[in-house]
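Need a 3D model of the sequence below.
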Amino acid sequence: MSGTGTAERTSDEGHELRRSLGFRDLVVYGLLFIAPMAPVGVFGTLDARSHGAVALVYLVATVAMAFTAFSYAQMVRVVPQAGSVFAYARVGLGERAGFIAGWMAMLDYLLIPAVAYLFSGIAMNALVPEVSRWVWTALAVVITTLLNLWGVRVAARVGLLVLAMEIVVLLVFVVAAVVVLARDGAERGWLSPLSGDGTQGSFEVAAVIGAVSIAVLSYLGFDAIVSFAEEVTGGSEKVARAVLFCLALAGVLFIAQTYLVALLEPVSSAQLAAEPERQGAAFYDAVDASVGTWLHDLVAVSKAIGAAFAALAGQAAAGRLLFAMGRARGLPRVLSRTDSGVPRVALLCAGVVTLVAAVWAARRDDGLDHLASVVNVGALTAFTLLHASVVGWFVVRRGGRGESGGPVSWWRHAVVPVLGAAITIAVIVEASGVAQVVGTVWFLAGVAVLVARSRFTGPAPDRR
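Next up is the predicted model:
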């Protein structure tokens, strides 16, 4: 370790990534993975659960995720490596904790793209019902996997075009919504998206917190930016800024669009709660009823394309996580092989897993429910270990010394991560029973793999 407090690694020839990304590329990947219109699919569910206070839900969720973004910004300066929370927990908490953190993050990095691909397949099937949604889903996986195999720079350029399209559609929605509200007025009270519509009784903090546990799904992806730390030109500070910028921008976009659509929503939160089959299409129905079918179709097409490229970014991050775990010998070493700086073996493995999961779900009526119910527990567990890593590195391992060797900042390196861990644990507690069971089983499987690896091969080399 260097005297500056940065944990350095040694690189092996053939196991290195190519530096070619700038700040804009990082933001593109982050926003692609998050998706500017991510609330479209979960608006109805959040509206019903929060008693109509859906914009407040996203405000609280943005603040909650800000603690995690801040901890990522601290650790990417210390460990500017691929692998994200896996690399950070290895340095801050030790080899075994690092493996568990990577193992838990892997659950979501492999399943979140599968959910996004399925969203794309469902949207395309609605537009072209003659083609089965599993075919559209598989086609989206193949196209985006080929782009990822081509290289991170090429994928970022194509992703920029898709992101621009999504932003334009979002702006069209905002302008159209404002025009309708100015002309016809709001269906609900102007403050109801922040205080509730009153149709399910008085405002309840518990209802908002319960909805936040679902809303955080919309943010999963900003953390994927740090997976590209070894492919960035200009240092880790650029990665830290991109993480914070993406989260802030996503929060503004989510709050604005849910506030507007809540005002346009002719159906009360009580009705949505009583008729859960209407929740999935609530955003589209509100747009259709207030603005017109043309905007409904435009949003649907944007969602189909945007979801596929959100999966592209997620698959790229999953490939970097597998690459890093293979390089550290937490997983088979072959995953860390690169070809012209591209981790094609890891990307192919990630692509195969997401293809199987997405097509399986697309062929089942309840497939989306099964996938969506488990995608957040692994990431939230990994986030908790991330916060612990900040404390472990700065307070414990460095003996209270900060980045430059001076006194540690107790606010940045102790208070914020402890509060962040408390928030992520609280959200896990509020998650569905199915998600908690799957997360527990996956965690125990990771412990079993860790024990077996240590017994038969000895501990993985510490590359700090």
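
what sits against Tyr29?
Counting by C-beta atoms under 8 Å, 6 or more residues apart in numbering, Tyr29 makes contact with Ala156, Gly159, Ala224, Ile225, Phe228, Ala313, Ala316, Ala317. Every residue, glycine included, has its C-beta placed from N, CA and C.

Which positions in the helix or strand where the second one lies come out as buried?
Secondary structure assignment for Gly159, by DSSP states H and E: helix 152-184. By neighbour count, and taking 16 or more other C-beta atoms under 10 Å as the criterion, the buried residues in helix 152-184 are 152, 155-156, 158-160, 162-163, 165-166, 169-170, 172-173, 176-177, 180-181.

Show me the residue sitting in the middle of the chain in space.
In the chain, the C-alpha nearest the mean C-alpha coordinate belongs to Leu220, at 1.7 Å (C-alpha atoms, centre = their mean).

State the number of residues packed around the nearest residue to that residue once chain neighbours are set aside.
Nearest residue to Leu220, sequence neighbours excluded (C-beta to C-beta, 6 or more residues apart in numbering): Ala379, at 5.2 Å. Residues lying near Ala379 (other C-beta atoms under 10 Å) number 27.

Format the CA atom coordinates belonging to the helix or strand containing Ala379 as PDB.
Here Ala379, judged by DSSP H and E, is contained in helix 377-391. Provided in PDB are the C-alpha atoms of helix 377-391 (Å, rounded to 0.1, in the frame of the first residue of the first chain):
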ATOM      1  CA  VAL A 377     -31.700  -7.800  -1.800                       C
ATOM      2  CA  GLY A 378     -28.300  -8.800  -3.200                       C
ATOM      3  CA  ALA A 379     -27.400  -5.200  -4.100                       C
ATOM      4  CA  LEU A 380     -28.600  -3.800  -0.700                       C
ATOM      5  CA  THR A 381     -26.600  -6.400   1.100                       C
ATOM      6  CA  ALA A 382     -23.600  -5.500  -0.900                       C
ATOM      7  CA  PHE A 383     -24.300  -1.800  -0.200                       C
ATOM      8  CA  THR A 384     -24.300  -2.600   3.500                       C
ATOM      9  CA  LEU A 385     -20.900  -4.200   3.200                       C
ATOM     10  CA  LEU A 386     -19.700  -1.200   1.200                       C
ATOM     11  CA  HIS A 387     -20.500   1.200   4.100                       C
ATOM     12  CA  ALA A 388     -18.800  -1.200   6.500                       C
ATOM     13  CA  SER A 389     -15.700  -1.100   4.200                       C
ATOM     14  CA  VAL A 390     -15.400   2.700   4.500                       C
ATOM     15  CA  VAL A 391     -15.300   2.400   8.300                       C
END
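
And the residue nearest to the centre of the chain, which helix or strand is it part of?
Using DSSP H and E, no helix or strand contains Leu220.

pLDDT score for it?
The model reports Leu220 with a pLDDT of 73.

so it makes contact with Val377?
No - in this structure, Leu220 is not within contact of Val377 by C-beta atoms under 8 Å, at 11.0 Å.

shared neighbours of these two, anything?
With C-beta under 8 Å, 6+ apart as the test, Leu220 and Val377 both reach Asp108.

so what's the closest residue to Leu170 other than its chain neighbours up against?
Spatially, and ignoring its direct neighbours in sequence, Leu170 is nearest to Pro36 (5.2 Å; C-beta to C-beta, 6+ apart). Going by C-beta under 8 Å, 6+ apart, Pro36 touches Leu163, Glu166, Ile167, Leu170, Ala250, Leu253, Gly306.

Dump these into a markdown table; add distance to Val391 as well.
Converted to a markdown table, the contacts of Pro36 look like this (distance: C-beta to C-beta, whole Å):
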| residue | distance to Val391 |
| --- | --- |
| Leu163 | 35 |
| Glu166 | 37 |
| Ile167 | 37 |
| Leu170 | 38 |
| Ala250 | 26 |
| Leu253 | 32 |
| Gly306 | 37 |
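
out of these, which one sits closest to Thr424?
Ala250 (17.6 Å; C-beta to C-beta).

quick one, helices of the stretch 301-450 of the chain?
Assigned by DSSP state H, counting those that start in this stretch, the helices in the stretch 301-450 of the chain fall at 344-362, 367-372, 377-391, 410, 416-430, 433-457.

residues making contact with the longest one?
It refers to helix 433-457. Applying C-beta under 8 Å, 6+ apart, the set of residues contacting helix 433-457 is 96, 99-100, 103-104, 107, 329-330, 373-374, 376-378, 381, 428, 431, 460.

Drop anything exposed from those.
The buried subset of the contacts of helix 433-457 (16+ other C-beta under 10 Å) comprises 96, 99-100, 103-104, 107, 329-330, 373-374, 376-378, 381, 428, 431, 460.

just checking, what packs against the helix holding Gly159?
helix 23-34, helix 133-150, helix 236-264, helix 282-290, helix 293-327 (3 or more C-beta pairs under 8 Å, 6 or more residues apart in numbering; DSSP states H and E).

Of all those, which one is nearest Thr62?
Of all the helices and strands packed on helix 152-184, helix 236-264 sits nearest to Thr62, with 3.3 Å by C-beta to C-beta.

What average pLDDT does stretch 138-147 get?
Rounded mean pLDDT across stretch 138-147 is 84.

Which positions within it qualify as buried?
Result for stretch 138-147 [16+ other C-beta under 10 Å]: buried residues Ala138, Leu139, Ala140, Val141, Thr144, Thr145, Leu147.

Would you reformat these as TSV and include distance to Asp197?
Listed next are those as TSV, based on distance: C-beta to C-beta, whole Å:
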residue	distance to Asp197
Ala138	41
Leu139	40
Ala140	36
Val141	39
Thr144	39
Thr145	43
Leu147	43
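
List just the nearest of the residues you listed to Gly280.
Ala140 (19.4 Å).

so the closest one makes contact with Gly121?
Yes - Ala140 lies in contact with Gly121 (C-beta under 8 Å); the separation is 6.5 Å.

Just give the closest residue to Ala215, not the sequence neighbours.
Per C-beta to C-beta, 6+ apart, closest to Ala215 is Ala61, 4.2 Å.

repeat for Gly30
Nearest to Gly30 is Cys246, by C-beta to C-beta, 6+ apart, at 3.6 Å.

Confirm for me that the one you found is in contact with Val28.
No - counting by C-beta under 8 Å, Cys246 stays clear of Val28, with 9.5 Å between them.

quick one, the host helix or strand of Phe86 and helix 377-391 angle?
Secondary structure assignment for Phe86, by DSSP H and E: helix 85-92. Using axes from the mean of the first three to the mean of the last three C-alpha atoms, to 10 degrees, the inter-axis angle of helix 85-92 relative to helix 377-391 is 30 degrees.

following helix 85-92, which helix or strand shows up next?
Counting by DSSP H and E, what follows helix 85-92 is helix 95-127.

got the buried residues for that following helix?
Result for helix 95-127 [16+ other C-beta under 10 Å]: buried residues 95-126.
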